[in-house]
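Undergrad: Here is the input, now give the coordinates:
(one chain, ligands or ions: 2)
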Amino acid sequence: MCTDQDTSSPAHRCAILRTRAGPRETLHFDPHDPASAAAIVSCGGICPGLNCVIREIVNMLWAYGVRRIYGIKGGYKGVMEPEEWLELTPEKVKDIHTEGGTMLISDRGNPPHLESLAARDLKNPSACLQTGGDGTHKGAMQTFECTMEIDHECAVVGVPKTIDNDVPMIDQTFGFDTACTEATKAVNSAYVEAKGNANCIGLVKLMGRHCGFIAMNAALAARDVDVCLIPEMDIDLEKVLQHIEHLMRTKGHCVIVVAEGCGDTLIQSSGEKDAGGNKILADVGPWLKDTITARFKTLGLPLTIKYIDPTYMIRSVAANSYDSTYCSVLGQMAVHGAMAGYSGITAPCQ
Ligand SMILES: Nc1ncnc2c1ncn2[C@@H]1O[C@H](COP(=O)(O)OP(=O)(O)OP(=O)(O)O)[C@@H](O)[C@H]1O
Ligand SMILES: O=P(O)(O)OC[C@H]1O[C@](O)(CO)[C@@H](O)[C@@H]1O
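TA: Ligands and ions are numbered 1, 2, ... in the order given. All right, here's what the predicted structure looks like:
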């Protein structure tokens, strides 16, 4: 996908062009030119599959003939330290797909774009492949616009990433499938706890900063969830509490899933932001636990709540087979786009 660069009308500036991805007959960059170089950076939170994407990009660039491939450590901030960039080869990345996290070390924060372009110049990459979510893509677009303004030749290519699966126009982001599989295990555990203890609620908080995709999918997959709260819903807390009371009176246990994003809807966050400019949300899991506990105390009803927050256990695993294959396709498509000279694009899976 690429943004339309016809600047003649504001409407055009927002248009999105979809071009079928894949290898092109004609290359813009000569991969055999010894000056040819590419850099890879990953930003934002980690996500299952990041290492698969990095590995695939390196292998694909190598297959084209590019021999100077750099891994930028520490997100956009790492761009400013070219002396720390890793020199990547297929040998160096050969086993990374089996590991969670990212060998490039993700970070948040934004150095000024012109300065960061100047820093890049020290290694002079013809292509910059940037994997991340909406924040990373906004940053990538600013870099791209800078390259256009100063007529600096460098293909800026995004690889869409977010475990939350909330990138518009993309059916599914990588890592989401793995996350749902892992999240379902946590929900299943909550069910076992709820069923196996007297008067017990199993309460699970799942990721999703402003969306409930992981919570909803895990709840559907587990099939034993009684209440699933996501930020897209207009939640009437009193009705939710009454329903929980009803469930406990009638069957003696229940399972509740709440998405992290409800920490900005059910309750309000302080407004504080992280280094990437994202609101730091109030922790809705413990708040919900306390709220339910207080209600049951008032009613004089017996209750135990087994609270599970598997956030980082989910996010840190290696990609499952679906995501691993998907990441390979994404990485390859990103490189094809860059070698063909597309810039200001994000890589789709086809
Ligand atoms: N509006 C913006 N313009 C330019 N850069 C941005 C913008 N928002 C965020 N960034 C930068 O992009 C990088 C990643 O941002 P962020 O932390 O929001 O993660 P993300 O890419 O949205 O991924 P995820 O949400 O999945 O963790 C950070 O270095 C951040 O400073
Ligand atoms: O704890 P961190 O690293 O700031 O990241 C948390 C955020 O990153 C995500 O995993 C991805 O956007 C969100 O679900 C979560 O809010």
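
Undergrad: Quick one: neighbours of Met333, just the number.
TA: Residues contacting Met333 under the criterion other C-beta atoms under 10 Å number 24. The way it works is simple: take the backbone N, C-alpha and C, and place the C-beta from them, glycine included.

Undergrad: Can you check my assumption that it lies in a helix?
TA: Yes: under DSSP: H, G, I helix; E, B strand; the rest coil, Met333 sits within a helix.

Undergrad: List, one by one, the residues from the stretch 251-350 of the chain near ligand 1.
TA: Residues of the stretch 251-350 of the chain found near ligand 1 (C-beta under 6 Å from any ligand atom) are 276-278.

Undergrad: Low-confidence stretches in the stretch 51-200 of the chain?
TA: The stretch 51-200 of the chain contains residues with pLDDT under 70 at 113-114, 121-122.

Undergrad: residue ranges for the helices of it, please.
TA: Using DSSP state H, counting those that start in this stretch, the helices of the stretch 51-200 of the chain run over 75-79, 90-93, 113-121, 134-149, 176-196.

Undergrad: Give me the residues contacting the longest one.
TA: The reference is to helix 176-196. The contact list for helix 176-196 (C-beta atoms under 8 Å, 6 or more residues apart in numbering) reads 47-49, 163-165, 200-204, 206-207, 213-215, 217-219, 221-222, 224-225, 253-255, 257, 306, 308, 310, 313-315, 317-320, 322-323, 326.

Undergrad: buried subset of those residues?
TA: Buried by 16 or more other C-beta atoms under 10 Å: 47-49, 163-165, 200-204, 206-207, 213-215, 217-219, 222, 224-225, 253-255, 257, 306, 308, 310, 314-315, 317-320, 323, 326, out of the contacts of helix 176-196.

Undergrad: residues in contact with the residue positioned nearest the centre of the chain?
TA: For the chain, the residue nearest the mean C-alpha position is Thr162 (1.5 Å; C-alpha atoms, centre = their mean). Neighbour list for Thr162: 44-45, 47, 132-134, 173, 175 [criterion: C-beta under 8 Å, 6+ apart].

Undergrad: So which residues on the protein come close to ligand 1?
TA: Residues of the chain lying close to ligand 1 (C-beta under 6 Å from any ligand atom) are 43-45, 75-76, 108-110, 132-136, 138-139, 142, 161-162, 276-278.

Undergrad: contacts with ligand 2 among these, please.
TA: Residues shared between the residues of the chain next to ligand 1 and the neighbourhood of ligand 2 are 45, 133, 162 [C-beta under 6 Å from any ligand atom].

Undergrad: and of those, the nearest to ligand 2?
TA: Gly45 (3.2 Å; C-beta to the nearest ligand atom).

Undergrad: Residue numbers of the stretch 151-300 of the chain in contact with ligand 2?
TA: So the stretch 151-300 of the chain meets ligand 2 at 162-164, 207-209, 260, 274 (C-beta under 6 Å from any ligand atom).

Undergrad: just to revisit the earlier point, would you list the helices of the stretch 51-200 of the chain in JSON lines and tack on mean neighbour count and distance to Trp62?
TA: Formatted as JSON lines, these follow (neighbours: other C-beta atoms under 10 Å; distance: least, C-beta to C-beta, whole Å):
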{"stretch": "helix 75-79", "mean neighbour count": "24", "distance to Trp62": "22"}
{"stretch": "helix 90-93", "mean neighbour count": "15", "distance to Trp62": "5"}
{"stretch": "helix 113-121", "mean neighbour count": "17", "distance to Trp62": "21"}
{"stretch": "helix 134-149", "mean neighbour count": "19", "distance to Trp62": "23"}
{"stretch": "helix 176-196", "mean neighbour count": "21", "distance to Trp62": "26"}
